[in-house]
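In: After the sequence you'll find the predicted model.
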Amino acid sequence: MAKIDSISVNRKSDIISAAIEVFAEIGYFRATTAKVAERAQISQPYIFRFFPTKEALLLTALEVSWARVIGSFRKVVETASPEQLETGLIQAYEDILDAYQHEVLLQMQAQTIREDAIQEAMRSGYGEVRRIVLDAFRAAGMPNAEERTMLFLARGMLCNVSAALGMPELKDV
């Protein structure tokens, strides 16, 4: 039984990874579960074993992408000295951009989707990132922690645009 559960977990993970890629490449509205299934090399009905709707699949993909950013930032906050905190957070985000660009593009696209559940997932993700950074900046005794947090998040958004447009000069400030 454990082997079957392991296979199901792996297939679910494969579906989520495929969905992240497909949604990032062609957008949520143009993406179909058939395209996700093709990318995951499974049958389309198998997707519905784990996700009742395409929106549920998108929400899970967003959850995975936010968990990666949040986990990465928490690790920096737990290990970096106050002097290295901001630099460590910047490096962590640049590493995410390099290794998980599809997830970043997925988040960028999700910002424009007006569905309530998707908007709430995005607010929740951004809110948690903001809380982590602001709390860490305050705990490190940084002056103007609120303003530095806003600038940190704004720079992150500019890095996203840079990655989406292939314009590295936007982030090399």
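Out: Here it is on my side, so go on.

In: List the contacts of the residue positioned nearest the centre of the chain.
Out: Closest to where the C-alpha atoms of the chain average out (Cα atoms, centre = their mean) is Ser65, at 2.8 Å. Taking Cβ atoms under 8 Å, 6 or more residues apart in numbering, we find Ser65 in contact with Ile20, Tyr100, Glu103, Val104, Leu106, Gln107, Gly125. Just so you know, the C-beta spots here come from the backbone N, C-alpha and C atoms, and that holds for glycine as well.

In: measure the last one to Phe73 for me?
Out: What it means is Gly125. Look at Gly125 and Phe73: by Cβ to Cβ, to the nearest Å, they are 11 Å apart.

In: So Phe51 sits against Ala61, correct?
Out: No: using Cβ atoms under 8 Å, Phe51 is not in contact with Ala61; the gap is 9.6 Å.

In: Could you give the number of residues near Met94?
Out: Check again: residue 94 is Glu, not Met. 14 (other Cβ atoms under 10 Å).

In: wait, what's in contact with it?
Out: Cys159.

In: cool, Arg39 as well?
Out: Ala18, Glu21, Val22.

In: Going by distance to Ala92, which of those wins?
Out: Distance to Ala92 across the contacts of Arg39 (Cβ to Cβ) is lowest for Glu21, with 22.2 Å.

In: Enumerate every residue touching the closest one.
Out: Arg39, His102.

In: Only the buried residues of the helix or strand it falls within, if you could.
Out: Assigned by DSSP states H and E, Glu21 belongs to helix 2-26. For helix 2-26, the neighbour count (16 or more other Cβ atoms under 10 Å) marks Arg11, Lys12, Ile15, Ile16, Ser17, Ala18, Ala19, Ile20, Glu21, Val22, Phe23, Ala24 as buried.

In: Is it possible to get a markdown table of the contacts of Ser65 that adds pLDDT?
Out: As requested, the contacts of Ser65 are exported to a markdown table (pLDDT from 0 to 100):
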| residue | pLDDT |
| --- | --- |
| Ile20 | 98 |
| Tyr100 | 96 |
| Glu103 | 96 |
| Val104 | 95 |
| Leu106 | 97 |
| Gln107 | 97 |
| Gly125 | 98 |
